[in-house]
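> here's a sequence, model it:
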Amino acid sequence: MIWTVVIACLALAAYVYLRAQRRSDRKSGADHTGLAIVEFGRVFPQEAIREVVSTIGGDVFLRLHDGKVGCMRARGSRFTCILIEPGGVLVHNSPSGRGLAIEFHDNPHENGSFEFATSREAAEVSLWLLGSLLPAAGIEEAPRTLQRDS
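Below is the predicted model:
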């Protein structure tokens, strides 16, 4: 009788431990920021990272030093690293207001909806993408002068 109780207690303890482990894995799985920085740096060593924003689903957007944007799509314990070139994406707002629907022209299998914790983060990433779509090189603005009609 005592052995039955001991075995039942051990089974219950193993179940509680494994469930807590899975919950902590899921919780930490939503924030892969440190791993994203390391892996993106390994894949694209010439790109310097300026800022990082994570999505609710574990995807990560990286603002790079030269106005480009990087994206790391979470695939379980693996990432897909994408360097977004100017003109390489089409961006739409999601109905929730806290997300972006992005279509990658070069990688259509990476298309998807990205939900952020706040609408402010979504707006920030959309501004990054807008900056990556406008070519900065070769644009010289003519000096503005005021002319008066006399």
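
> now do the residue most central in space within the chain, the pLDDT please.
Closest residue to the average C-alpha location of the chain: Val60 at 2.0 Å, with Cα atoms, centre = their mean. In this prediction, Val60 carries a pLDDT score of 89.

> tell me where this structure has helices.
2-29, 33-43, 119-133 (DSSP state H).

> mean confidence for the last one?
The average pLDDT within helix 119-133 is 81.

> still on that earlier bit, residue contacts, the residue nearest to the centre of the chain?
His32, Thr33, Ala36, Phe40, Val52, Val53, Ser54, Cys71, Met72, Ala74, Phe79 (Cβ atoms under 8 Å, 6 or more residues apart in numbering). C-beta here means a position set from N, CA and C on the backbone, and glycine is covered the same way.

> including distance to Leu12, could these go into CSV?
Supplementary listing: these in CSV, determined by distance: Cβ to Cβ, whole Å:
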residue, distance to Leu12
His32, 32
Thr33, 35
Ala36, 37
Phe40, 42
Val52, 41
Val53, 41
Ser54, 35
Cys71, 43
Met72, 39
Ala74, 33
Phe79, 36
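
> separate out the buried members of the residues you listed.
Listed as buried from the contacts of Val60 are His32, Ala36, Phe40, Val52, Val53, Ser54, Cys71, Met72, Ala74, Phe79; burial here means 16 or more other Cβ atoms under 10 Å.

> any chance of the residues you listed in CSV, plus pLDDT and distance to Arg120?
Written out in CSV, the entries for those read as follows (pLDDT from 0 to 100; distance: Cβ to Cβ, whole Å):
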residue, pLDDT, distance to Arg120
His32, 64, 21
Ala36, 76, 20
Phe40, 85, 23
Val52, 89, 15
Val53, 89, 10
Ser54, 88, 14
Cys71, 87, 19
Met72, 88, 21
Ala74, 77, 22
Phe79, 77, 24
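
> in strands only, show me those.
Here DSSP state E is the test, and the buried ones among the contacts of Val60 give Val52, Val53, Ser54, Cys71, Met72, Ala74, Phe79 as lying in strands.
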